[in-house]
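Student: sequence first, predicted model second:
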Amino acid sequence: MERYMLAKAHPRTEAPFTLELMGTILSEYVDYSQECMYIFLLDSADLIIDQHELYRGTHNNMNVSARDVCRFAVCQGADQVVLVHNHPDGGVSPSPYDIYVTALLSIALDVVDIKLKEHYIIGDININKEEGCRGIKDKYPDHIQDALKDIGLSIDMSTLCETSLGGLINE
């Protein structure tokens, strides 16, 4: 399987990021038969600077590069990032890889002073409703802590992005 980054741009909305707006923009992804990752680039006031489809994978897998995500966010001048990906099977529970990627991207983006605001998973239900999407950072902070410990890091998710390196400590 080959990993690639897409540059499918959409016009700047200059609207505040909301779950309702995300649902409207991403409604086509609910029925995709392969995993796709979408990025919303936000300024410090939560206004959408830009949005792009970054990756497409297989029916149950997608490789994500922290380097690519960081480079893209920096080049677009983002202060915050919201990542969204779909699960073609319709479920919204994160896989261990989803949790690991969220933890890793939180750290990588923090190094370049960009906050990972949230990483949502969308399923086959109406994504404008809470049960149709799930935010990994807010709903699974303990799982993210465990993923970081597995790679030898300890981090306080509540202070991530508030200070340089977000309190990153090597154990």
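Tutor: All right, it came through fine. Residues are numbered from 1 along each chain as shown.

Student: ok, residue 51 touching residue 42?
Tutor: No - with contact defined as Cβ atoms under 8 Å, residue 51 does not reach residue 42; the gap is 9.6 Å. All C-beta atoms are positioned from the backbone trio N, CA, C, and that covers glycine.

Student: okay, how far is it across stretch 71-82, tip to tip?
Tutor: End-to-end distance of stretch 71-82 (Cα to Cα, to the nearest Å): 15 Å.

Student: quick one: the helices in the protein?
Tutor: In the chain, the segments counted as helices under DSSP state H are 19-26, 66-75, 96-111, 136-139, 141-150.

Student: let me know which of those is tucked in deepest.
Tutor: Highest mean neighbour count of those: helix 96-111, a mean of 20 (counted as mean count of other Cβ atoms under 10 Å).

Student: now the angle from that one to helix 66-75?
Tutor: 40 degrees (axes from the mean of the first three to the mean of the last three Cα atoms, to 10 degrees).

Student: could I get the average pLDDT for helix 96-111?
Tutor: Helix 96-111 carries an average pLDDT of 90.

Student: could you do stretch 53-66 as well?
Tutor: Stretch 53-66 comes out at a mean pLDDT of 86.

Student: neighbours of residue 63, just the number please.
Tutor: Neighbour count for residue 63, taken as other Cβ atoms under 10 Å: 16.

Student: wait, residue 116 touches residue 78, no?
Tutor: No - counting by Cβ under 8 Å, residue 116 stays clear of residue 78, with 10.5 Å between them.

Student: tabulate the helices of the chain in a markdown table, adding columns for distance to residue 85.
Tutor: Output for these, formatted as a markdown table (distance: least, Cβ to Cβ, whole Å):
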| stretch | distance to residue 85 |
| --- | --- |
| helix 19-26 | 10 |
| helix 66-75 | 12 |
| helix 96-111 | 8 |
| helix 136-139 | 10 |
| helix 141-150 | 16 |
